[in-house]
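In: here you go, sequence then predicted model.
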Amino acid sequence: MRVLVCGHNGQVAQALGHSLEGLGEVLLRGRDQLDMADPEQLRQPLRDLAPDLIINAAAHTAVDQAESEPALAFAINAQAPRVLAEEAERLGVPLIHYSTDYVFDGRKAAPYSEDDAPNPLGVYGNSKLAGELAITEVGGQHLILRTSWVYSQSGRNFLLTMWRLLQERPQLKVVSDQIGAPTWAGTIAASTAALVQRWQGGQAGQWGTYHLTAQGETSWYGFAQAIGEQLRARGLPCAELLPIPSSEYPTPAQRPLNSRLDCTRLARNWQVSQPHWQQALIDCLK
C-alpha cells in the first residue's frame with residue numbers, strides 16, 4: 001500500500017512518518033513537491049503518485065498571521081483540501097484530513113461534540129471550517145479529525161517555547177482562562193495509524209468527522225506548570241509562573257476560551273482512543 005502524507009515538515013507529518021512504518025510505503029511530500037498554496041497544481045502529481053491512501057497533514061497554522069493573509073490561509077486550508085478530496089474520489093481511495101478546535105467559538109460550557117454547530121472566531125478557524133465543508137461536499141471515503149493544542153519535539157509549539165523561556169526567565173505570565181487538551185503529535189500519529197490498520201483489516205467504522213485529542217483538560221497555565229515540573233525533575237532551572245486572563249495577553253486573532261473536544265464518538269465507532277495529556281507529555285519528553 002502506498003500512503004501519501006502531505007506536509008512533510010509539519011509536526012504531525014513527521015510523527016506519521018514513524019507511526020505508519022510497516023503499514024505500507026509512506027510517501028512524505030512537502031511544499032517543493034506538493035504546494036498547497038497553489039491547489040490546482042496538485043492534481044497531476046497526485047495522479048502520478050497514485051496513492052492508496054491520502055493523509056493531509058499540511059496546513060496554514062499561523063493563527064495570528066492568518067488574519068493578515070486570508071487568501072493564503074484559505075488556499076492552503078480550504079481550496080487544497082477540496083482538490084485532495086476530488087482527486088481521492090477520482091482515484092477511489094480514502095482521505096484523512098486534520099482540522100481544529102478553532103472551528104468553534106469556545107462559548108459552550110461543556111466539551112464540544114461533532115454535532116455542535118461551528119462558529120469560528122477568526123480567519124484560521126474559518127479557513128479550516130471551509131476545508132471541512134469542501135471535503136464533506138465532495139463526499140467519498142474520508143475522515144476529518146479535529147484536534148487541539150498540538151505540540152511535539154520539533155517545529156514551533158508551546159512545549160518548546162515554554163521549555164526555553166522557563167529556563168531563561170525568572171518569571172513568566174501564562175494565560176489561564178483558555179481550557180483544552182494539549183495533544184502530542186505522536187498521539188495523533190499513533191491514533192491515525194490505528195485507524196489505518198482498522199481500515200486495512202476491513203474493520204473501518206463510519207466515515208465522517210471526528211474529534212481526536214488527548215484525554216483530560218487543562219489551561220495553558222496548567223500545561224506550562226506540567227512542563228515546569230518536568231524541568232525541575234531534570235534538575236533544570238524553572239521560572240515562577242503567574243496565571244493571567246486572555247485580556248492581558250492580546251493577540252491579532254481571538255482564541256476560543258473552551259477548546260475541549262468530546263472524543264467518545266471516535267472510540268465508539270472506530271475503537272480508537274487516546275492517552276491522558278499528562279502521560280503523553282511524559283512520553284514525548286522521553
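Out: Sure, I can see it.
In: could you report the pLDDT at residue 30?
Out: We have a pLDDT of 88 for residue 30.
In: same deal with the one 5 residues further on?
Out: For residue 35, the model assigns a pLDDT of 91.
In: what number of residues lie near it?
Out: 17 (other C-beta atoms under 10 Å). The way it works is simple: take the backbone N, C-alpha and C, and place the C-beta from them, glycine included.
In: secondary structure class for it?
Out: coil (DSSP: H, G, I helix; E, B strand; the rest coil).
In: right, and it touches residue 41 too?
Out: Yes. Applying C-beta atoms under 8 Å, one finds residue 35 in contact with residue 41, separated by 6.1 Å.
In: buried residues, stretch 252-270. List them.
Out: 253-261, 263, 265-266, 270 (16 or more other C-beta atoms under 10 Å).
In: could I get those as TSV with distance to residue 237, pLDDT and secondary structure?
Out: Formatted as TSV, these follow (distance: C-beta to C-beta, whole Å; pLDDT from 0 to 100; DSSP: H, G, I helix; E, B strand; the rest coil):
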residue	distance to residue 237	pLDDT	secondary structure
253	32	95	coil
254	33	95	coil
255	29	96	coil
256	33	97	coil
257	31	97	coil
258	33	98	strand
259	30	98	coil
260	32	98	coil
261	34	98	strand
263	36	98	coil
265	43	98	helix
266	39	98	helix
270	43	97	helix
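In: of all those, which comes closest to residue 193?
Out: residue 270 (12.2 Å; C-beta to C-beta).
In: dump the residue contacts of that closest one.
Out: Contacts here follow C-beta atoms under 8 Å, 6 or more residues apart in numbering; on that basis residue 270 touches 194-195, 198, 204-205, 210.
In: could you measure from it over to residue 22?
Out: In this view, residue 270 and residue 22 are 19 Å apart by C-beta to C-beta, to the nearest Å.
In: could the buried residues of stretch 252-270 be laid out in TSV, adding distance to residue 154?
Out: As requested, those are exported to TSV (distance: C-beta to C-beta, whole Å):
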residue	distance to residue 154
253	23
254	28
255	23
256	26
257	28
258	28
259	22
260	26
261	24
263	24
265	30
266	25
270	27
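In: and which of those is nearest residue 93?
Out: Using C-beta to C-beta, residue 270 comes nearest to residue 93 of the buried residues of stretch 252-270, at 18.1 Å.
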